[in-house]
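Trainee: task: produce atomic coordinates for the following.
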Amino acid sequence: MDVELSIGEIISPDFCAPSLVIGVDRYTMQSFDGQVVQWNSYTLTSDSAQPFSRWWLVNTPGRGAHVFTATPNVPEAAEFRKELSGLVALNSEGNADLSTDIGALATYIDGFDVLYAEEVFGGTERLVFVGRPFHAKIR
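Mentor: Sure thing, here's the model as predicted:
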């Protein structure tokens, strides 16, 4: 199920300290399988240690909300998913210091249904994330 959050909102998931929504990124992607896909990604910060000092709650297309955190790399065994990869246009609100408005996204899935994503936007280095389904209750 997707989530809807607003900048300034504080949520209390059961896996980390209360987290503040500091940014909303609205993605529009032309996927490599020819589809136009849209979704929202929320940037959150908390007083938790890494990886939850800065994390993302993403309405992953066709898969519902996922919790994404930074990771050093994509495992070799993860499979590239062209329906979740492509050229993206980004409309950002709030804290957008890690992104510009045009970029590319490559998404992979491992044998345990864990998502990995690589993003590259103009003028920034490659970002790598790992995402798992969001099953926590928001208090």
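Trainee: now stretch 62-79: buried residues?
Mentor: Within stretch 62-79, the residues scored as buried using 16 or more other C-beta atoms under 10 Å are 63, 65, 66, 67, 68, 69, 74, 78. The way it works is simple: take the backbone N, C-alpha and C, and place the C-beta from them, glycine included.
Trainee: show me those residues that map onto strands.
Mentor: Members of the buried residues of stretch 62-79 lying in strands (criterion: DSSP state E): 65, 66, 67, 68, 69.
Trainee: let me have those in CSV, extended by pLDDT.
Mentor: Converted to CSV, these look like this (pLDDT from 0 to 100):
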residue, pLDDT
65, 96
66, 97
67, 97
68, 98
69, 98
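Trainee: what's the most distant pair in those?
Mentor: 65 and 69 (14.0 Å; C-beta to C-beta).
Trainee: partner residues bridging residue 86?
Mentor: Residue 86 has these beta-bridge partners by DSSP bridges: residue 31, residue 105.
Trainee: thanks a lot, see you next time.
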